[in-house]
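J.: one predicted model, sequence on top.
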Amino acid sequence: MSFNIPDGVYPSLYVHVPFCLKRCPYCAFYKRLWDPTLEKSYLDALEKEVLSIQENSSSFNIKSLFIGGGTPNSLTLPSFSRMLKILSVFKGRFEVLEKTVEMNPEAVTPAYLRCLETYGYTRVSLGIQSFDKNELKLLGRIHNVKTIYKAVEIVKDSKLLSWNMDFMFGFPDSDWNGVRKSLDKAMEVDPPHISLYALTIEKGTLFEKHGIQPVVQENDYRQYQNICRYLKAKGYLHYEVSAFAKPGHECSHNKNYWTYGDFIGVGPSADSYLNGCHSKNTSNFSQYVKQPTPSIFKGKLISDSQKKSEFILSNLRLISGFLLSTYRQRFGSDVLKDFEKEIEELIGNRWLRLYKGRLQTTKKGLVMLNEVLIRFV
Ligand code: SF4
């Protein structure tokens, strides 16, 4: 089995680490509890998968690398280091400008950061979520506010260029005053990038089982709009519906998803989109460690209309939207004709707008983004 990547296509690489030290009651991501034996079999399988991609592909460049999960730093330090070594097989074939690892605050230590520096990593994404001790307790997180400050200090003392803070809102019975207090504390640690998440109740989670309700929708919208205004006043560029960056700190790995670029996912349950094909690695851990065949070898070609739809769904998340000419170059047709009825209606509702040759979601549309995007499915 082999695959070719055309000249000029630079996919991103995503690596899924399927372990956590504890299962948070709201989380629906693919993960299992960390275990030393499983950790070893995971790394053996990851090594086989990565080598298989390398051996069966023509030479190609990778745009960015992102290790997520799960909790990558739930791996012991020797295993964490082994994982970075496995992934460094790509080194020398190209220069990867942005390499990010997700980390949870409770397991951030100077030794993990030194390891990241050794392998040329540039960025960490900290799963902070909140600076309110009751909200952290509700989320079932291991860390507390003190742990956050300590983790941030360690990251800031490292040679890494940037870091992200995950921040959640929309907690049951929350109001803007509470969110603001949490944000005020967040500003003290001066994160260069913030990823914002509304608490949602996912199927199969303990929150769903226990009937936990997020804040009512109207309040949720208000909190979102207030957070956007607050962060703008603090000098953040709002560049995607849920992403905010200080100048020069936008996440290029995520921008590749939002501009509908190609990406390769490795590790159990990881998705890929390459050469117009979708594929997904098995979500069955035992199956993955037994046979870690990269799913990109058997990707499913999608239709042109699906590609157009996915392009719009991704790009309308960006505040800048997309150039009509980019769509034309990519698909050989006019988006205003392909989706005439939908776009007219959404512009009429003031949820979309045409501005300087671009189609963009308006501020009003961002709040209702799911309603906007569903028109293009
Ligand atoms: S640490 Fe992150 S991935 Fe793990 S269970 Fe909690 S929210 Fe989910």
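T.: Everything's here; your move. Residues are numbered from 1 along each chain as shown.
J.: show me the contacts for residue 220.
T.: With contact taken as CB atoms under 8 Å, 6 or more residues apart in numbering, residue 220 is in contact with 169-170, 198, 214. For every residue, glycine as well, the C-beta is placed using N, CA and C.
J.: make sure it is indeed in a strand.
T.: No. Applying DSSP: H, G, I helix; E, B strand; the rest coil, one finds residue 220 to be helix, outside a strand.
J.: and it, how close does it get to residue 172?
T.: Noted for residue 220: a distance of 11 Å to residue 172, by CB to CB, to the nearest Å.
J.: chain center to stretch 33-49: distance?
T.: 22 Å (CA atoms, centre = their mean, to the nearest Å).
J.: and it, what's buried?
T.: Using 16 or more other CB atoms under 10 Å as the test for burial, stretch 33-49 gives 34, 38-39, 41-43, 45-49.
J.: and the residues you listed, which of them are in strands?
T.: Among these, DSSP state E puts none in strands.
J.: now do the contacts for the residue in the stretch 151-300 of the chain positioned nearest to the ligand.
T.: The stretch 151-300 of the chain approaches the ligand most closely through residue 166 (8.8 Å), counting by CB to the nearest ligand atom. The contact partners of residue 166, by CB under 8 Å, 6+ apart, come to 125-129, 195, 197.
J.: restrict the residues you listed to those near the ligand?
T.: Contacts with the ligand within these, as defined by CB under 6 Å from any ligand atom: residue 127.
J.: residues of the protein that sit close to the ligand?
T.: Contact residues (CB under 6 Å from any ligand atom) of the chain with the ligand: 20, 23-24, 27, 29, 31, 69-71, 104, 127.
J.: out of these, which are buried?
T.: Buried members of these, counted by 16+ other CB under 10 Å: 20, 24, 27, 31, 69-71, 104, 127.
J.: give me the sheet partners of the helix or strand containing the residue of the stretch 151-300 of the chain closest to the ligand and which way each runs.
T.: Assigned by DSSP states H and E, residue 166 belongs to strand 162-169. Strand 162-169 sits in its sheet next to strand 123-129 (parallel), strand 193-198 (parallel), going by DSSP bridges.
J.: which SSE is immediately downstream of it?
T.: Taking DSSP H and E, what comes next after strand 162-169 is helix 176-188.
J.: outline the domain layout of this protein.
T.: Under automatic domain parsing, the residue ranges defining each domain of the chain are 12-258, 320-377.
J.: let me know which of those is tucked in deepest.
T.: domain 12-258 (a mean of 18; mean count of other CB atoms under 10 Å).
J.: before we move on, back to that, now distance to residue 279 too, for the domains of the chain, in JSON lines please.
T.: Formatted as JSON lines, the domains of the chain follow (distance: least, CB to CB, whole Å):
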{"stretch": "domain 12-258", "distance to residue 279": "12"}
{"stretch": "domain 320-377", "distance to residue 279": "20"}
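J.: surely residue 207 is within a helix?
T.: Yes. Counting by three-state DSSP, residue 207 is part of a helix.
J.: quick check: closest non-adjacent residue to it.
T.: Nearest non-adjacent residue to residue 207, counting by CB to CB, 6 or more residues apart in numbering: residue 26, 4.6 Å away.
J.: follow-up on the earlier one: can you put the domains of the chain in TSV and add distance to residue 309 and mean pLDDT?
T.: Formatted as TSV, the domains of the chain follow (distance: least, CB to CB, whole Å; pLDDT from 0 to 100):
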stretch	distance to residue 309	mean pLDDT
domain 12-258	15	95
domain 320-377	5	97
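J.: hmm, who's touching stretch 288-304?
T.: By CB under 8 Å, 6+ apart, the list of residues contacting stretch 288-304 reads 1-3, 41-42, 44-46, 48-49, 52-53, 56, 264-268, 270, 272, 274-282, 310, 331.
J.: same check on stretch 274-287?
T.: Contacts of stretch 274-287 (CB under 8 Å, 6+ apart): 3-6, 9, 11, 16, 18, 30, 32, 38, 42, 49, 262-272, 288, 292, 294-296, 298-302, 307.
J.: and the residues you listed, which of them are buried?
T.: 3, 5, 11, 16, 18, 30, 38, 42, 49, 262-270, 272, 288, 292, 294-296, 299, 307.
J.: in strands, which of the residues you listed fall?
T.: Among the buried ones among the contacts of stretch 274-287, the residues falling in strands (DSSP E) are 16, 263-266, 272.
J.: one step back: which one of the buried residues of stretch 33-49 sits closest to the ligand?
T.: Among the buried residues of stretch 33-49, and counting by CB to the nearest ligand atom, the member closest to the ligand is residue 34, at 9.8 Å.
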